[in-house]
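Colleague: Sharing a model prediction with you, sequence too.
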Amino acid sequence: MKDESFAISAGPHLSAAFLCEKVLTERDGVYSIFRMVDRFTLPVFKNVPPGVQIPPPVVQGTLVVAVKGGGLPAGKYTIKAVGQKPDGGFLPEGNAQVFFPGGEDNGIFIAFPIGLAMPDEGLYWFDIYFEGVQLTRVPMRVLHQQAVLPPFPQQAPEQ
């Protein structure tokens, strides 16, 4: 059973917290991280012809959190990611129950998936909490860029 009075200075220790496009878990249990990114530019089309529907642009990525136990006693703990939108509203929380096996250099790796359809432009923040104590914040900037659709090919009249 874990000791509820652990001191945050004894652990856990944040190894990494960042956004990337993709995480793969290799056969040997090692993670491969692809395209670390914290800025997404989304096209916004202004000249959409009547009757043409364009799917909304989507921000898809992964929030990666890696933590080492330090002097943390072995046991189950909760890590939470809370996303805050530019307008001050919140995104759905990500929660993960993790097990620390004990030992200063043992730790955990969590990949929280992120998917936002046509997110507002501005600065988003992802706050990372360990047992209710904030460890860090990860920024994500969304930019909207006006784009023009290429001309649609004219259909030949049917004969």
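Modeller: Right, received. Where do you want to start? Residues are numbered from 1 along each chain as shown.

Colleague: Spatially, what comes nearest to the residue positioned nearest the centre of the chain if we skip its sequence neighbours?
Modeller: In the chain, the centroid-proximal residue (CA atoms, centre = their mean) is Leu63; its distance is 2.9 Å. For Leu63, ignoring the flanking residues on the chain, the nearest one in space by CB to CB, 6 or more residues apart in numbering is Phe112 at 4.2 Å. Every residue, glycine included, has its C-beta placed from N, CA and C.

Colleague: ok, now Gln145?
Modeller: Thr41 (5.2 Å).

Colleague: Sheet partners, orientation included, of whichever helix or strand the one you found is part of?
Modeller: Taking DSSP states H and E as the criterion, Thr41 maps to strand 39-45. Applying DSSP bridges to the sheet, strand 39-45 is found paired with strand 133-147 (parallel).

Colleague: Please list the residues outside the partner strand that contact it.
Modeller: Strand 133-147 is contacted from outside by 8, 12, 14, 17-19, 38-46, 59, 63, 67, 86, 116, 119-129, using CB atoms under 8 Å, 6 or more residues apart in numbering.

Colleague: one more time with 7 Å, if that's ok
Modeller: 8, 14, 17-19, 38-46, 59, 63, 119-129 (CB atoms under 7 Å, 6 or more residues apart in numbering).
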